[in-house]
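Asks: My questions are about this predicted structure, shown below with the sequence.
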Amino acid sequence: MPTAQQRIWGWYAFDWASQPYHTLILTFIFGPYFVNVVGDPVEAQTLWAHVLTVTGIATAVLAPVIGALGDQSGHLVRWVGWLSAVYVAASAALWFAVPGTEHVLLLLFAFGAGLVATELAIVVTNAFLPSLASREETGKLSGTGYAIGYAGGLIALILMLLFFAEGEGGRTLLGQPPLFGLDPAAYEGTRFVGPFCAAWFVISMIPFFAWVKDPVRDAPDLSFAEAARRAARDIRQMWRRALKRRSLVAFLLSSMFYRDALIGLYGFGGLYAKGVLGWSVKEIGIFGILGVAMAMLACWICGLCENRRGGPKAVISTAIAILVLVSTTLVGLTRDSLFGFALAPGSALPDVLFYICGALIGAAGGVLQSASRSMMVRHADPDHPTEAFGLYALTGKATAFLAPFLIGQATMASGDQRLGVSPLIFLFLLGLFLLIWVKRDGDI
């Protein structure tokens, strides 16, 4: 029987295993590379916006169902296993993202399936948190989990840049051709990001499946049909219970908007750097290393200090304010100007500012996710933990189409990637405003 400490480290393993999908595939490697697949930056950003819209809607629909089924069956580890299989298959399929391919929609489907599987698995694994520690300790565990996850993403990103992703002249960051004889002319080093993430996940999840056990509670061994019937009943009851709690509703609405905006920043940061500043994959990768390293450090420190600094609500408010500032800077930044003021030809200021923005996005974004998970624990019903995080995922994705949709529409209307990200400012401010009605320690 695994010890309590082994269960915690097994739970940490999921963050370590899954983070590379967000770091390498969504943001810093495959996302920017997708411009090469399509050939046109504006068209690529528009397609990317559409697939993120669809995945957001799919996650919003499926998250409460998975949460309720998990609570009814009690077999949370089994659900993680099924979702893991989708993650691995979808990641590996990205190897076929050849520039100019006629199968762009199939590639986007694979990418979207992997992202949805990741988000749903997060719903299930988050439900283990209340059984791993007391409410006072959940901030520390949540922050440490995110820090370990970002460490995994950072190491995976460094390995990709050093040994696989090709930059100018078909060379990696070490100045060598990609390993295993991968052809840089066909971008095989960069395309290897999919199989790399799949293998990383399979190996890293071994401690999870070895040490993490389903939370002990009275959950009968039901058939799938019966579990589904009860889950549908629980979803109706879940909404009735939730709507009676003002602090919970305010927090869910707030997080719905600010998490949507954060995903927008993550999803379009690499495309922005490629299209607006003309950065190479290696430059975007270094930008990613900086952002992920800052996220890892910020999550760890914040997890240790959360209860001493006004709790997760104060942390969330501060992080949102920083991200508003960053988003405003991105809208005002071009290769030749800053907020309309011309810069000297060849000025390094745009690059320096974007690196600073990357560090702030990493730190504030990581802290925002960690503190939000801790805040949700303070609002979760101990008898329905998976249901609570299913509701959290639902509201986080209910408008997940909104940021990509608004970015896509703004990009098409203006023909400018830079102006395309401007809707994120409004979404962050709306989330900050709704925090006014959220209680510091929840309402359970």
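Replies: Done, it's in.
Asks: I'd like to know which helix or strand in this protein has the lowest mean pLDDT.
Replies: Across the helices and strands of the chain, mean confidence by mean pLDDT, DSSP states H and E is lowest for helix 224-242: a mean of 62.
Asks: After it, which helix or strand is next?
Replies: Secondary structure here is assigned by DSSP states H and E; on that basis, the next helix or strand after helix 224-242 toward the C-terminus is helix 246-276.
Asks: buried stuff in that next one?
Replies: Residues 247-276 are the ones in helix 246-276 that count as buried (16 or more other Cβ atoms under 10 Å). In this view, the C-beta of every residue, glycine as well, is placed from N, C-alpha and C.
Asks: residue ranges for the helices of the stretch 51-200 of the chain, please.
Replies: Counting by DSSP state H, counting those that start in this stretch, the stretch 51-200 of the chain forms helices over residues 76-93, 104-126, 129-132, 135-163, 188-191, 193-204, given from the N-terminal end onward.
Asks: could those go into TSV alongside distance to residue 16, mean neighbour count and mean pLDDT?
Replies: As requested, the helices of the stretch 51-200 of the chain are exported to TSV (distance: least, Cβ to Cβ, whole Å; neighbours: other Cβ atoms under 10 Å; pLDDT from 0 to 100):
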stretch	distance to residue 16	mean neighbour count	mean pLDDT
helix 76-93	13	19	94
helix 104-126	12	22	91
helix 129-132	16	19	78
helix 135-163	4	22	84
helix 188-191	23	24	92
helix 193-204	5	21	96
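Asks: Nearest to residue 54 among these would be which one?
Replies: helix 104-126 (6.0 Å; Cβ to Cβ).
Asks: by how many degrees do the closest one and helix 135-163 diverge?
Replies: Orientation of helix 104-126 against helix 135-163 (axes from the mean of the first three to the mean of the last three Cα atoms, to 10 degrees) gives an angle of 150 degrees.
Asks: Tell me which residues touch residue 194, please.
Replies: Taking Cβ atoms under 8 Å, 6 or more residues apart in numbering, we find residue 194 in contact with 25, 30, 91-95, 97.
Asks: Let me see the ranges of the strands in the stretch 301-444 of the chain.
Replies: Assigned by DSSP state E, counting those that start in this stretch, the stretch 301-444 of the chain shows strands spanning 337-338, 341-342.
Asks: which residues sit against the last one?
Replies: The set of residues external to strand 341-342 that reach it, using Cβ under 8 Å, 6+ apart, is residue 336.
Asks: re the thing from before, I'd like the helices of the stretch 51-200 of the chain laid out as a markdown table, including distance to residue 169.
Replies: Formatted as a markdown table, these follow (distance: least, Cβ to Cβ, whole Å):
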| stretch | distance to residue 169 |
| --- | --- |
| helix 76-93 | 28 |
| helix 104-126 | 26 |
| helix 129-132 | 47 |
| helix 135-163 | 15 |
| helix 188-191 | 12 |
| helix 193-204 | 19 |
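Asks: So which of those is nearest residue 349?
Replies: In terms of Cβ to Cβ, the element of the helices of the stretch 51-200 of the chain nearest to residue 349 is helix 135-163, at 24.6 Å.
Asks: Quick check: the residue nearest to residue 419 when sequence neighbours are not counted vs residue 373, distance?
Replies: Leaving aside its chain neighbours, residue 419 sits nearest to residue 410 (6.0 Å; criterion: Cβ to Cβ, 6 or more residues apart in numbering). With distances taken as Cβ to Cβ, to the nearest Å, residue 410 is found 30 Å from residue 373.
Asks: Look at these two and report which has more neighbours.
Replies: Neighbours per residue, other Cβ atoms under 10 Å: of residue 410 and residue 373, the larger number sits with residue 373, 22 against 19.
Asks: you'd agree that one is up against residue 129?
Replies: Yes - in this structure, residue 373 is within contact of residue 129 by Cβ atoms under 8 Å, at 7.2 Å.
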